[in-house]
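J.: here you go, sequence then predicted model.
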Amino acid sequence: MDVRIGIVQTPKELEVELGDEVDRDQILAEIEGALGGDAVLWLTDRRGRRVGVPVAKVAYVEVGAPTADRRVGFGAP
């Protein structure tokens, strides 16, 4: 699952590719909790690296579909 985070006052996005075993609802809850008041949003990517983003600098967060739900090519809706 991919998570894209837009950072305030920069045109670049931070993209974190999470492991397949990550629960999408749990990640959404962690993001909402961090944006509600915590100082740093921490995510762990599929290689085990931890990525921290200061909540005050987050412009938006986009959470992609779980890997199994992706469709590519002629079968895509």
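T.: Cool, the structure landed.

J.: residue ranges with poor pLDDT in the chain?
T.: 38, 66-77 (pLDDT under 70).

J.: contact partners for the residue nearest to Val53 when sequence neighbours are not counted?
T.: For Val53, ignoring the flanking residues on the chain, the nearest one in space by CB to CB, 6 or more residues apart in numbering is Leu41 at 4.8 Å. Backbone N, C-alpha and C define where each C-beta goes, glycine included. The contact partners of Leu41, by CB atoms under 8 Å, 6 or more residues apart in numbering, come to 5, 30-31, 34-35, 52-53, 55, 58.

J.: bridged to Arg4, which residues?
T.: In this structure, Arg4 bridges to Glu15, Glu62 when assessed by DSSP bridges.

J.: so it is in contact with Lys12, correct?
T.: No - using CB atoms under 8 Å, Arg4 is not in contact with Lys12; the gap is 10.5 Å.

J.: can you map out the helices along the protein?
T.: For the chain, applying DSSP state H gives helices covering 24-35.

J.: residue boundaries of the strands in it?
T.: Counting by DSSP state E, the chain has strands at residues 2-7, 13-17, 40-44, 50-54, 58-63.

J.: show me what counts as buried in the second one.
T.: Pointing back at strand 13-17 there. Using 16 or more other CB atoms under 10 Å as the test for burial, strand 13-17 gives 14, 16.
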